[in-house]
Structure formats: structure tokens, C-alpha cells
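[1] what follows is a predicted protein model with its sequence.
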Protein chains: 2
Amino acid sequence: MSIYLDNAATSWPKHPEMLKAMAGYLEDAGGNPGRSGHSLSAAAARVVFETRSLLARLFGVAVVDQVIFTKNATEALNIVLFGFLLSGDHVLTTSVEHNAVMRPLRHLERSGVEITVIPCDNRGYLDVEDLKKAITPKTKLIAMTHASNVIGTILPIAKAGQIAREAGIRLLVDASQTAGMEDIDMERDCIDALAFTGHKSLGGPQGTGGLALRPDFTIQPLIYGGTGSFSESEIQPDFLPDQLESGTINAIGIAGLGASVSWLLSEGLPRIREHKKNLIRQFIEGASNIPGITLYGSSNPVDNAGVVSLNLNGVVCSELGMVLDQAYGILTRTGLHCAPAAHKTIGTFPQGTVRFSVSAFTTTEEIDITLHALRAIAAASSETE
Amino acid sequence: MSIYLDNAATSWPKHPEMLKAMAGYLEDAGGNPGRSGHSLSAAAARVVFETRSLLARLFGVAVVDQVIFTKNATEALNIVLFGFLLSGDHVLTTSVEHNAVMRPLRHLERSGVEITVIPCDNRGYLDVEDLKKAITPKTKLIAMTHASNVIGTILPIAKAGQIAREAGIRLLVDASQTAGMEDIDMERDCIDALAFTGHKSLGGPQGTGGLALRPDFTIQPLIYGGTGSFSESEIQPDFLPDQLESGTINAIGIAGLGASVSWLLSEGLPRIREHKKNLIRQFIEGASNIPGITLYGSSNPVDNAGVVSLNLNGVVCSELGMVLDQAYGILTRTGLHCAPAAHKTIGTFPQGTVRFSVSAFTTTEEIDITLHALRAIAAASSETE
């Protein structure tokens, strides 16, 4: 049996109810949601609506149709960045963003969008005063992650939301690492757009994700096509979710996501969050006592979204990952984690780190075994030096 | 038991191997493909590669990496239309396109792309000479469907490919209604870009689809983000499939699609095609003898991709669809099928039609029962007139 600590890439295993819901969808629904009037199509539409409602509840979205489904968080982020920013606009972002934010921004930069990257400190903390000071009359958007995918440090999105609201600009939050773990309320936190993935802490299948938008935030679509609505028109409808959901959506995946979110809500997010933070505390406390190990990010689990990065003195991170996998069956992710700026921020560019990330199903025993393995590898490595 | 004749919206039921493959993926793979180095991630990447290879084989694509996965055919079409056409360019299309082609084109028209819609005749046939004559020095692309989603009429894509090749322009084919049924060979047919969906004749789950590109056809991405490759760079990689596959892909869906395509290939596409054409022949012959019924499209099943549209004299199409569903358990799609131009072409705009579409699993008995139901409804309707 392997120990899976790569939940920040995708959570595994999934709750058994997820696959059951997908099988049930094939059996009892299976039509194309919103396309035809018959029973299987209507059943598919119901499944999609139920998941949409659960996500609206989870994220504090008042109008269910403001939650749209995308193939992943990357698509959701691209929809907002390309559908809102024009040449001459200014956007603020942070130095710990994933390439899902940075690559579209760098592309927009070439067509005249101005980007300011606000530096976080070397533990990933962001001073919101730096954000505030960087706002200019041309600033239209703050695009920031809720938590670093490399070191787990949580950024102060509610404070950023307050600043955005006061300045009359918009806040886009990349919740890829926090949706389904941290407490998010779009209204309370003044978030205008929330991009999330379904297959990490929300526990759903790959191929799911979405975007929640405040009703007063209008975005141009990235993809145009059939929506099952206003079939008589060759012009894209202008209401949500249809405007941003062209083509057949991943209803079977959304059925699975619904079952996972339903389980999350019944267990209670605070309980799952506490479990994950306890695992992170256990891991940080254990690993910080191992000679030769350097831990990155915050030492306070309260500020951590379930992700820890480290390096072992004298061992290349890819090699450490390989030994953990092959000698101990411990699965991690090594390297730069699609976030070069974050690694520059913490001082691990270009060599990278070994990243450990927990899920709701990770156990304290698994963390113990992992710490034991790290101790053994560190001891062996110091002997050979 | 219902009779499902809405396979042009999404095929149902799926082959049992599809769900088995998805369950197997969760059990034995389940990592994030191409992201981490560990066994579950590598297993996920293998599953994705296998499906990619099967699709390359099916469509005559020499280089496997030229097949990219998208969430649906609509995304694939948008990638090519937005990633290739610039203001001042001219594009040819046909009068039977789905809104997945027409809505992005109408949007591009507003930013200076010139569009010429070549009319098909009222049975959906396209005269390729009309295409040829419409080419101007500004023409860059022919964007056309392989078969009408309303009446099933197959368009001469290989001839269009020849014309495009000779004129030095590109051909984009929307194979939503034909992939997994008709014979498609990108090399032989001179197709530069092939957009396909996974959940119709290919028999896979919703949430899957893709784009196959000729190696010499370069397209700008629609979505930018993490690819698991060149993590150190904030610039999108320029090689396929990574360039056009940002973010986590729907690997569980792709696992299911692989099982379906594998089944298709083992059964043999010609055999499945013959079965579906026989069902269409049976349906057309039977329905054409029912008083009051008007059939649209070609009367020759050889030219039909498994879709028949009709109307019954004096009965609104949505009502006919409802009676078929509620009194007979026969599931169809009524209305305009996201293709207003096609309905204008056949003379059924804006009232629409009732559409019947078959799958590999549709039986001759089901067609018999459907014809019997249509006869009964037609008789009852003529009595009440």
C-alpha cells in the first residue's frame, strides 16, 4: 500500500460515493442536460443543478446560476483574465501565483495589459498594504491565489477584497488549493470571481471545476457555441450560466463532484479542515526536528492550506521524491509545481522542492510513517556525505 | 423501458466497459497525468496516452501528440477559429452549421473577420464547386461540419479538403456527428484540423472531446496555464499537446473514452456504420409511408450519419416529441437543435423538427416500435382534424 501525499495535484482516493454517483448518472440520467425535453435529459439537468446549488451554498453565492462549470480552474481563470482585461488596463497579482494565473497574464502583457507582481515574503505571506499602495487609476483587477500551491501559505483574500471594494476594482481569487478546505464566502469576503477546481479538496473527479461570479460582474465569454437556449440565434446568450457554458458540459463528472461536495457538507468543512491542519502540524513538528531538512513556508498550520514543501541537504529533490516513492511507497510531487515565481519567492528556484500535501482521508499513521522515512533517508544521506 | 433516439445529443447507453475503465482508473491510476513523477501519476499519463493513440489511429493521425484533448467539440472548434483567424481574414462555411461554429464566427465577424456562408440545398447537400468559387485572396479557412446535426446529411469533406489544399488554405472539420461512425482519415481527406466530441458516436462520457491538428498547422492557444512541462517558464510551451492542454485534463473521462474507442475498433467501424445505416434505411422507408409525415434531408442512408428529422402535419414538433416520450417512452429531440441556419436551409425555421438519432446499440425492434407509434399518432391526429 502506498501513501499518497500529492493531494495538491489531485486528491486520491476519492470517496466511494463519487463513483457511485457517476454510475447512477449513467443508469438513471445520461441525457444531454438542457438540450432535449425528455426524461433522461431532464434528469441530467437536475443532477447538474443540484451540484451547482451545493457549490453556491459552499461558497456563499446567492444566485445559483452565477456558478458556472468549466473543465478545470485554469479555464475559469482564463475566462476572467481574457474576458475582462483590455489593453491599457493594469492588474495586480502576487509573487506566489501558479502558471494558471501567470501564463495568461504574461500573454496579456504582450497585448498591452500592465502587470504588477506584489512580492510575498519568503514564507509566502502577503502584506495587503503593498497591494493597496500599488493601485493606480488604471488598475482594474487583483488576481491572486488563496493559497500557494507550493508551500500552502494562505493569503488574506478577505482583506484584499475589502481593498478592491474600496478602490472600485475587482478581485479574482484562484481557490484551486482551498476550495473544499478553507472557509470561503464570496459576499463576506468581497470576492468578485472565484475560480475553483473540482478534483482537489472538493474531492470530485478530474475534468471538473468552475467559476463563481458576482451578479454585477460581467465577463466576455472565451468560448462561443450551442447552449441549448435561444437556439434560433447565432449570437451568444448574455445570461449565466449559458453565456459561459457553451457545448455539452461534463455532467457525469459534475454528478460525481456533487456527491463529493455533499459528503463534505455532511461531514462539515470545519471538521475536515481541523483534521488536515492537525496533520500539517504533526508533519511540520516532526520534520523540523530532522537534521538536514529545510522546511519552507509558514510554521503555523492555521495559515496553511494542507501543503508543505521541503528539501534535504545535499539531496536533489527529484531524487528524494524517487527514494520516497520506490523505497517507501510515499507519493509526493517534486520540482517547481508549475509555479516558478513562488519558488523564486521562497528561494528554491530553479532546483525546486519536495511537496507533501494531505487530504481528508490522510491519517496520522501515514504522516508518522512518512516522518520515519524522512528520518531514515536523512540519516543515510548524512552518513554518505 | 424507454427507447432512446437522441444519440445525436449524446449517446446512451454507454458500453459497460466505459464505466469499468473509469472505475479502474480511480483504483489503479488516479494521479495527475504529467504532473508528478510517482506511480499513480505515471499510470494516469499512460491511460491518457493510450486513448490519444487510439484516436490517432482512428482518424489517421501520424503523430500521436497532434491529438489534443478538450472538454467538448465546441472548445476544439473555438481553439481553431480564435487561434487562427485574424481581422481582415475571410472564412468559408456552410448553411447547415451548428452554433458551435456559427456563434464563434459571428463573434469574429464583429472584429473584422469576413464570413461567407455557402448555401446547401434543402436536403443538406453541398456543391463543392460553390465552395471553390467563393475563395478569394483573403480566404484563410474553410470551416464546415462533416454532417448536419439536424438531418444527418454528410458533406463532401474530402473534396473540400482537396479544394483547400489546392488553394493553399486550411480545412477545419466539425466531426461532432461523424467521429466514431463515418470513415475519417486526416491525411487522405486533406483535413488540417478535426474537432470531435467523445460522448456521441465515439461512445465515451460527457466532458470529453478533442482536436487533431496537422503538424504544419500552428494555432494560438485559447487557454494558457500550467502544463506540467517547462514549469520554470511563465511562457506557454509551443509544442503539442501541452500548448493547447493547459490545466488538469479529464483523465478519468479519457479513460472511459479509451475503453469505448477500443470497443469500436474491435467491433470494426464499417460494421457499426452498416448497422446504423440499416436502421436509418428502415426508419426512412417506414416513416415515408405514414400519411401526414414530412421527412427532411436525404432519402439515401448512405449519405446520412444516423440522424433523421421529420414533422407531422398539424402537430407542433414539441408536442409530437412530448407524446412520443410520455405515451410511448420514445426519447427524441425537438426544436432547432442549436442550428438555426440548418433549419432555414431545410425550410423548418423557426418551428423546428422532431429529430431521431440512432446509436450502435439501437435495434431494429426499437425502430419498428417507433414507426408503429408514429403511425398511431398520425392516425389519431388526422381523425381529430
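    Now that the structure is in, tell me what you want to look at. What you see is a predicted model, and the numbers here were worked out from it, not measured in a lab.
[2] so which residues on the stretch 51-200 of chain A come close to chain B?
    Residues of the stretch 51-200 of chain A that fall close to chain B, judged by CB under 8 Å from any CB of the partner chain: A:70-75, A:77-78, A:98-100, A:102-107, A:197, A:199. For glycine as for every other residue, the C-beta is placed from the backbone atoms N, C-alpha and C.
[3] which of those residues fall in strands?
    Among these, the members falling in strands (DSSP state E) are A:70, A:197.
[4] pLDDT score assigned to the residue in the stretch 251-385 of chain A that chain B sits nearest to?
    Closest to chain B within the stretch 251-385 of chain A is residue A:338: 3.3 Å, counting by CB to the nearest CB. Note for residue A:338: predicted pLDDT of 93.
[5] for residue A:385, same thing?
    Here, the pLDDT recorded for residue A:385 equals 59.
[6] all helices for the stretch 251-385 of chain A, in order.
    Applying DSSP state H, counting those that start in this stretch to the stretch 251-385 of chain A gives helices spanning A:251-267, A:269-287, A:317-328, A:340-346, A:364-384.
[7] and of those, who's closest to residue B:61?
    Residue B:61 lies closest, by CB to CB, to one member of the helices of the stretch 251-385 of chain A: helix A:251-267, at 25.8 Å.
[8] does that closest one come close to chain B?
    Yes: residues of helix A:251-267 contacting chain B under CB under 8 Å from any CB: A:251, A:252, A:253.
[9] gap between the last one and residue B:26?
    Distance, residue A:253 to residue B:26, using CB to CB, to the nearest Å: 12 Å.
[10] more crowded one of those two?
    Legend: neighbour count by other CB atoms under 10 Å in any protein chain shown for residue A:253 and residue B:26, higher for residue A:253 (32 against 20).
[11] that one contacts residue A:202, correct?
    No: the pair residue A:253 / residue A:202 is not scored as a contact, 11.5 Å apart, by CB atoms under 8 Å.
[12] quickly list what's touching both of the two.
    Common contacts of residue A:253 and residue A:202, defined by CB atoms under 8 Å, 6 or more residues apart in numbering or on different chains, comprise residue A:208.
[13] got the domain boundaries for chain A?
    Domain ranges of chain A: A:3-12+A:268-384, A:16-267, per automatic domain parsing.
[14] return the most buried member of these.
    Highest mean neighbour count among the domains of chain A (mean count of other CB atoms under 10 Å in any protein chain shown): domain A:16-267, with a mean of 22.
[15] tell me how far the ends of that one are from each other?
    15 Å (CA to CA, to the nearest Å).
[16] gap between the residue lying closest to residue A:119 once chain neighbours are set aside and residue B:228?
    With CB to CB, 6 or more residues apart in numbering or on different chains as the criterion, residue A:119 has its nearest non-adjacent residue at 4.6 Å, and that residue is residue A:95. Distance of residue A:95 to residue B:228, computed by CB to CB: 21 Å.
[17] let me see the ranges of the strands in chain A.
    Per DSSP E, chain A carries strands over the ranges A:3-4, A:67-70, A:90-94, A:114-118, A:139-145, A:170-174, A:193-197, A:209-213, A:293-295, A:307-312, A:330-331, A:333-335, A:353-357.
[18] which other helices and strands contact the fourth one?
    In other words, strand A:114-118. strand A:90-94, helix A:99-110, helix A:128-134 (3 or more CB pairs under 8 Å, 6 or more residues apart in numbering or on different chains; DSSP states H and E).
[19] still on that earlier bit, can you list the helices of the stretch 251-385 of chain A in TSV and add distance to residue A:191?
    Shown next, in TSV, are those (distance: least, CB to CB, whole Å):
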stretch	distance to residue A:191
helix A:251-267	18
helix A:269-287	17
helix A:317-328	34
helix A:340-346	21
helix A:364-384	32
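[20] figure out which of the ones you listed is closest to residue B:5.
    Set against residue B:5 and scored by CB to CB, the helices of the stretch 251-385 of chain A come closest in helix A:251-267, at 19.4 Å.
[21] what's the angle between the closest one and strand A:193-197?
    Between helix A:251-267 and strand A:193-197, the angle comes out at 100 degrees (axes from the mean of the first three to the mean of the last three CA atoms, to 10 degrees).
[22] show me what helix A:251-267 is packed against.
    Where contact means 3+ CB pairs under 8 Å, 6+ apart, helix A:251-267 is packed against helix A:16-28, helix A:39-59, helix B:251-267.
[23] what angle do it and helix A:39-59 make?
    Using the same axes, to 10 degrees: helix A:251-267 against helix A:39-59 is 40 degrees.
[24] tell me the pLDDT at the residue nearest to residue A:119?
    pLDDT, residue A:95: 98.
[25] just give the nearest non-adjacent residue to the closest residue to chain B within the stretch 51-200 of chain A, would you?
    Relative to chain B, the nearest point of the stretch 51-200 of chain A is residue A:74 (2.9 Å; CB to the nearest CB). Nearest in space to residue A:74, with sequence neighbours left out and distances taken as CB to CB, 6+ apart, is residue B:247 at 2.9 Å.
[26] with residue A:377 instead?
    residue A:323 (5.8 Å).
[27] of the helices and strands packed on helix A:251-267, which is nearest residue A:265?
    So among the helices and strands packed on helix A:251-267, helix A:39-59 is nearest, using CB to CB, at 6.7 Å.
[28] please export the C-alpha coordinates of that closest one as CSV.
    Below are the C-alpha coordinates for helix A:39-59, written out as CSV (Å, rounded to 0.1, in the frame of the first residue of the first chain):
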residue,chain,number,x,y,z
SER,A,39,-36.8,12.4,-19.2
LEU,A,40,-33.1,11.4,-19.4
SER,A,41,-32.2,15.0,-20.4
ALA,A,42,-34.3,16.5,-17.7
ALA,A,43,-32.7,14.1,-15.1
ALA,A,44,-29.2,15.1,-16.3
ALA,A,45,-30.2,18.8,-15.9
ARG,A,46,-31.4,18.1,-12.4
VAL,A,47,-28.1,16.5,-11.4
VAL,A,48,-26.2,19.5,-12.8
PHE,A,49,-28.5,21.9,-11.0
GLU,A,50,-28.1,20.0,-7.7
THR,A,51,-24.3,20.2,-7.8
ARG,A,52,-24.5,23.9,-8.8
SER,A,53,-26.7,24.5,-5.8
LEU,A,54,-24.3,22.7,-3.4
LEU,A,55,-21.4,24.8,-4.7
ALA,A,56,-23.4,28.0,-4.4
ARG,A,57,-24.1,27.1,-0.8
LEU,A,58,-20.5,26.2,-0.1
PHE,A,59,-19.1,29.5,-1.5
